[in-house]
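# Give me coordinates for this.
(chains A and B)
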Amino acid sequence: MAFDLGLSVKKVALNQAFKYLEKDPEKNIPKMLELVEKLDIGKGVGPQLQHIKKLLSDPENAWYKYVMSLWTDLDAGVRKALFENFVVNANMIGNPRRKEFREKYQCNIPWAILMDPTSACNLHCTGCWAAEYGNKLNLSFDDLDSIIEQGKELGVFFYIFSGGEPLVRKNDVIALCNKHPDCQFLSFTNGTLIDEAFADEMLRVKNFVPAISVEGFEEATDSRRGAGTFQRVMNAMKILKEKKLAFGVSCCYTSANVDVIGSEEYFDKMIEWGAKFCWLFTYMPVGKDAVPELMVSPEQRKFMYEQVRKFRPVKPLFVMDFWNDGEYVEGCIAGGRRYLHINANGDVEPCAFIHYANVNIHDCTLIEALQSPLFKAYHDGQPWNQNHLRPCPLLDNPDCLIHAVEVSGAHSTDMQAPEDIHDLGEKCRKASEAWGKTADEIWACTHDCSTCGAGCAK
Amino acid sequence: MAHSTKGLMAESLKKLLNTKPLDKITVKELVEDCGVNRQTFYYNFRDIYDLLEWAFEEDARRILEEQKDYKNWQEIFWAAFHYLLDNKTLVLNTFNSVGRSYLENRLKTRLTPVVRNMLEQRAGHLVMSELDKDFIVHMYTVGLISVMFDWFANNMRDGDQEQMQMFLDKIDQSIESTLSGFTAK
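Residues are numbered from 1 along each chain as shown, chains lettered A, B, ... in the order given. As a prediction, this is how the structure comes out:
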């Protein structure tokens, strides 16, 4: 990597700015935003930056409250690590580096890597595919470490663990965080293995953030995940909040629980628990034992779309809905465009929900995986739809995924029962067509009336 | 358990430092030497330097815990001196690969409270600002460190002790005149 004097000057300047910010965030945040603007970080953020400046100058605004809460609610070391790893490393250093490799290799280079340390889990929840994987598969510490070392070379500084329950391997997770202080780590987790001792380890390494799976309130959680689970999760969040550690909530909404997940009561509850972010996933009928009836209807998906947009300006919580927020990221982020998934077997998959691959990380390098046929098909096919409310090549455009898997010759990576891509695609066809109509209406109303046949003449 | 594992790794590092400079030692050979996993190393330490720091801190803590048995600050200094001399090869291998500033910081952190304690005893009856105290402590600490660095640069040769003893005595003698400008409480 060529030494970039400009870059190191910017890095020093930003770290100084952060120190300055620490002294009096309320007064100094607006000043720092001006500095960010002058340094021209991540070219092209100009309009967004103006928007951010406006939001952060109004003490009544939810975003203002949210940003200030990062100072009142988080440990100073944790906050500094988040700033350095996300702002400085993942974006300022990572962006140009990834761009360089994207051009050099003519393939996607991700912003984040999702990987499964293990397929094992301490819970056995109804409908979870992790339970069906069995407890046999693990990526070793050295495997995971090698992926991170390779990733950093390419400009990737954000690593997410899924599984299985990643904290079954909590010592290895902490060891990776400790070895790579320049990276941010996040883990999906059922939260039941977070105790005082682990929270203290999180405080020691500073760069680990859990995203705890909660799917509603006590009854719904316990019936799916086992009696007592909800209280254990509440206890974990209490410990994290007391120790001023950052954490979020991850929710899977289904036809059965969407009313609760999308309710104001639930959003307020997550804020009360101390969550700083919420990641929303819609139920995907992946695997032979999937229950397609749990997929949301177009009305339910539209409900979530509307609720999230209603709460965003008024609730101090950072919410992302991976199927409904494609408009902010130009559609599908998988296939290495922004992220990819490496399962506990080492299969390099385009997405956590797309269990097809050409290559395994035990036999190839990361950059080779990114150039493998299925990833190329993603690179060439994205965005799968011009309507970014229909971003997913499986749920919203099943023919796109069928085509990508066929031309690439990728195989099913399902460890229990390989699933034919046509069978999977068919499970989504009805839902995709139904959502297509609703999504096109919303898109036309929010983006471009000329593509809409409704003739409401708004 | 974690503690003794850390100790095991520190022992291995010291052993390896007796054969080669710090920057030539890899985590791989270290974990092979002490029979732990790579992830166990990284669970506890970021890198070799992190381990070295911990090992020195542990030793320094031990020496200072024995401090209560010493009659005066000169004895503490000599205890540190003999610790360094006993670990001559590893100290020189550290000195030669991480350079001055690393050891300087470590020595400064450890010697400052010793010198400060000495000053407090001698100047307890005087009116002194914290600023004045800090300045005097800094002056003597930096002097001690530079005498030690001369010694490192001479490969910690035997015979330098005499010169060092002279320096320590001069400090003791000069304290009186240094403090003469301050009035009694």
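# OK, contacts around the residue in the stretch 351-458 of chain A that chain B sits nearest to?
Nearest residue of the stretch 351-458 of chain A to chain B (CB to the nearest CB) works out as A:H362 at 17.2 Å. From N, CA and C alone the C-beta is placed, and that goes for glycine too. Applying CB atoms under 8 Å, 6 or more residues apart in numbering or on different chains, we find A:H362 in contact with A:143, A:346.
# Just to be sure, A:R337 is in a strand?
No: looking at A:R337 with DSSP: H, G, I helix; E, B strand; the rest coil, it is coil, so not inside a strand.
# hang on, it packs against A:N108?
Yes: the pair A:R337 / A:N108 is scored as a contact, 4.7 Å apart, by CB atoms under 8 Å.
# buried stuff in the helix or strand of chain B with the lowest mean pLDDT?
Ranking every helix and strand in chain B by mean pLDDT, DSSP states H and E puts helix B:88-98 at the bottom, with a mean of 83. Neighbour counts over helix B:88-98 (16 or more other CB atoms under 10 Å in any protein chain shown) mark B:90-95, B:98 as buried.
# same deal with stretch A:195-212?
Neighbour-count burial for stretch A:195-212, counted by 16+ other CB under 10 Å, picks out A:198-199, A:201-202, A:205-212.
# Now do that stretch: everything it contacts.
Residues from elsewhere that reach stretch A:195-212 (CB under 8 Å, 6+ apart): A:75, A:77-78, A:80-82, A:85, A:167, A:170, A:173-174, A:177-178, A:180-181, A:183-191, A:194, A:233, A:236-237, A:239-240, A:243, A:245-250, A:275, A:277, A:279.
# swap in stretch B:48-55?
Stretch B:48-55 is contacted by residues B:6, B:9-10, B:13-14, B:22, B:25-27, B:30, B:41, B:44-45, B:94, B:98, B:102, B:106 when judged by CB under 8 Å, 6+ apart.
# again with stretch B:119-130
Outside of stretch B:119-130, the residues within contact range by CB under 8 Å, 6+ apart are B:133, B:136-137, B:140, B:175, B:179, B:182-185.
# before we move on, what about stretch A:229-246?
A:73-75, A:78, A:82, A:123, A:190-192, A:194-196, A:199-200, A:202-203, A:209-210, A:212, A:214, A:217-218, A:221-222, A:247, A:273-276.
# Distance of the residue positioned nearest the centre of chain B relative to B:F81?
In chain B, the C-alpha nearest the mean C-alpha coordinate belongs to B:L107, at 3.8 Å (CA atoms, centre = their mean). Per CB to CB, to the nearest Å, B:L107 is found 11 Å from B:F81.
# which residues do those two both contact?
Here B:L107 and B:F81 share the contacting residues B:M148, scored by CB under 8 Å, 6+ apart.
# Name the nearest residue to A:R169, ignoring sequence neighbours.
Using CB to CB, 6 or more residues apart in numbering or on different chains and skipping residues adjacent in sequence, the residue nearest A:R169 is A:P117, 4.4 Å away.
# Now do the contacts for that neighbour.
Applying CB under 8 Å, 6+ apart to A:P117 gives the contacts A:138-139, A:144, A:161, A:163-164, A:166, A:168-169, A:172-173, A:344.
# from those, which single one is nearest chain B?
Top of the list for closeness to chain B, among the contacts of A:P117 and by CB to the nearest CB, is A:D172 at 5.3 Å.
# The closest one: how many residues sit nearby?
If you count neighbours by other CB atoms under 10 Å in any protein chain shown, A:D172 ends up with 25.
# give me the element it is part of.
Using DSSP states H and E, A:D172 sits within helix A:170-179.
# Give me the mean pLDDT for that helix.
Across helix A:170-179, the average pLDDT comes to 97.
# Can you say which of the contacts of stretch B:48-55 are buried?
Burial by neighbour count, 16+ other CB under 10 Å: within the contacts of stretch B:48-55 this picks out B:6, B:9-10, B:13-14, B:22, B:25, B:27, B:30, B:41, B:44-45, B:94, B:98, B:102, B:106.
# Out of these, which are close to chain A?
By CB under 8 Å from any CB of the partner chain, the members of the buried ones among the contacts of stretch B:48-55 lying near chain A are B:41, B:44-45.
# how about the helices in the stretch 101-250 of chain A?
Taking DSSP state H, counting those that start in this stretch as the criterion, the stretch 101-250 of chain A carries its helices at A:129-133, A:141-154, A:170-179, A:196-205, A:218-225, A:229-242.
# tell me the contacts of A:P298?
Residues in contact with A:P298 (CB under 8 Å, 6+ apart) are A:431, A:434-435, A:437-439.
# Look at A:L33 and say how many residues are nearby.
17.
# Contact residues of chain A facing chain B?
Residues of chain A lying near chain B (CB under 8 Å from any CB): A:141-142, A:145, A:171-172, A:174-176, A:178-179, A:181.
# any idea which of these is closest to B:R62?
Closest to B:R62 out of the residues of chain A next to chain B is A:N178 (24.9 Å), distances taken as CB to CB.
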